[in-house]
Structures are given as structure tokens and as C-alpha cells.
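Undergrad: just coords:
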């Protein structure tokens, strides 16, 4: 499964990029879930070096495992007037770092979806932007009027992990109905509380919805009794993908 991220603000532009209709922003004509070629950003008689840059809203959930997985970015583009054909360089940025690149050469008034897929490199999904840059002009005659009607970035879903176990007494016998606290070893002589579960009558406990499996987890458990029973697992528990 995937999450889809869409434009949410203009950043900068060079030249004379304009939204159509004119009473809105560039990003606002490109943010539909389903492409609508009736509104678009366009440039009259573009020359090499003119561009626009728009920010991309972050996904609702951070992709798991540090963003490992395919990230695809797309635009829809056309040439709405002119004899020459524009070459557009489209880049996906994370902050100041370019994370993906493709070129497109829209040559007719029919909008076409162009895209590229990269794997893994993105870690901060709150700082993405797409830049569309005119890198070349092909042919002769009147300068072209390129248009971009839609843009999106597709990122992986969040990956969730779970950790399961059985609460036992000091002799290794199953002990049900224990209070179980999942903690994370921060590797700096401190730990963080993560979640709570009450083991069932057979001692089974489970922690789900964990966002990483590269931490060192441990479980603290006790049972109210006379005397109270208390124990701690090793600090090396690793959850698995749900």
C-alpha cells in the first residue's frame, strides 16, 4: 500500500509562471487526488532557465524503517501553444538534496503523466518539494507555452511491528494476568516507557503498532500477590513486522 502526498504551497519561481484560473496559486491547480487538466500552471513563451518550485505536504504517517521503499513522483504536462517544444527537468528534493530526477518533452496539447521512482534515500518526509525547470528548447518557430496540471509524490505506508511473549515466574512456569510494561533501552543509561498490556490467563502478552524494530526493547512484568512477583526480560527483544 502507499500514501499520496500533494502540493501545499508555492516556494519560488523564475520567469512568468501563472495559474489558470488566475485567482489562485500555482500549487492549488496541481493538488487534486484525481488529475484535472482544466486548471494548470503555465508559462508564456518560456526560455531556458525558468522554473517553479512547490512544496509537498508530508504523509499522514511516516513511512517505516527510515523511509526504505520506492518513492515515486509524478507530474502531468503539455504544450498548450508554440511551435518549439520545451524540455522540462523535474526534480524531487528533500531539503536541499535532490532525491530524484527525470526529463520530459511535452510536444502536444494533450496532457501526459511523467514520473520517476527512486528507492530509499528519503528520511525527512516533512521537507519535500518538486522543481520544474526548463532545461532546453527544441525545434524552430514560436517559443513554447508549457503547462503542468498535476503533481504528486507516492511514498510507502508506515510499517508496524509487534512484540509478543509469555509471562512466567522465576522457575519458568507460565504465570497469567501479569502487568506487562514494554520499555526501550535508549543506549545512554536511560530507558523509555512504550506500552502496557495485561497478559491473559495463559500468560500471553502482545504489543502492536510499534514503528521500529532496530531498538533494544525489554519487558517489565509483575503480578499483585502475596508476595508480589516481579521480573525483567533481557534488553534485546526485537519486534517483527505485523
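TA: Looks like it came in fine. Since the structure is predicted, the reported quantities are computational estimates derived from the model, not experimental observations.

Undergrad: The helix or strand containing residue 155: what's the following helix or strand?
TA: Per DSSP states H and E: residue 155 is located in strand 145-156. Following strand 145-156 in sequence order, the next helix or strand is strand 161-166 (DSSP H and E).

Undergrad: Can you name the element that comes right after that next one?
TA: Using DSSP H and E, the next helix or strand after strand 161-166 towards the C-terminus is strand 179-185.

Undergrad: Distance check, the closest residue to residue 94 other than its chain neighbours against residue 97.
TA: The shortest distance from residue 94 to any non-neighbouring residue, by CB to CB, 6 or more residues apart in numbering, is to residue 122 (5.1 Å). All C-beta spots, glycine's among them, are computed from the backbone N, C-alpha and C. Noted for residue 122: a distance of 9 Å to residue 97, by CB to CB, to the nearest Å.

Undergrad: before we move on, back to that, which helices and strands does the strand holding residue 155 pack with?
TA: strand 2-5, strand 40-43, strand 51-56, helix 64-67, strand 70-81, strand 85-94, strand 128-138 (3 or more CB pairs under 8 Å, 6 or more residues apart in numbering; DSSP states H and E).

Undergrad: what's the spacing between the residue nearest to residue 94 and residue 57?
TA: 14 Å.

Undergrad: If you rank every helix and strand of the chain by mean pLDDT, what lands last?
TA: helix 64-67 (a mean of 52; mean pLDDT, DSSP states H and E).

Undergrad: re earlier: more crowded one of residue 122 and residue 97?
TA: Comparing residue 122 with residue 97 by neighbour count (other CB atoms under 10 Å), the higher total belongs to residue 122, at 25 against 12.
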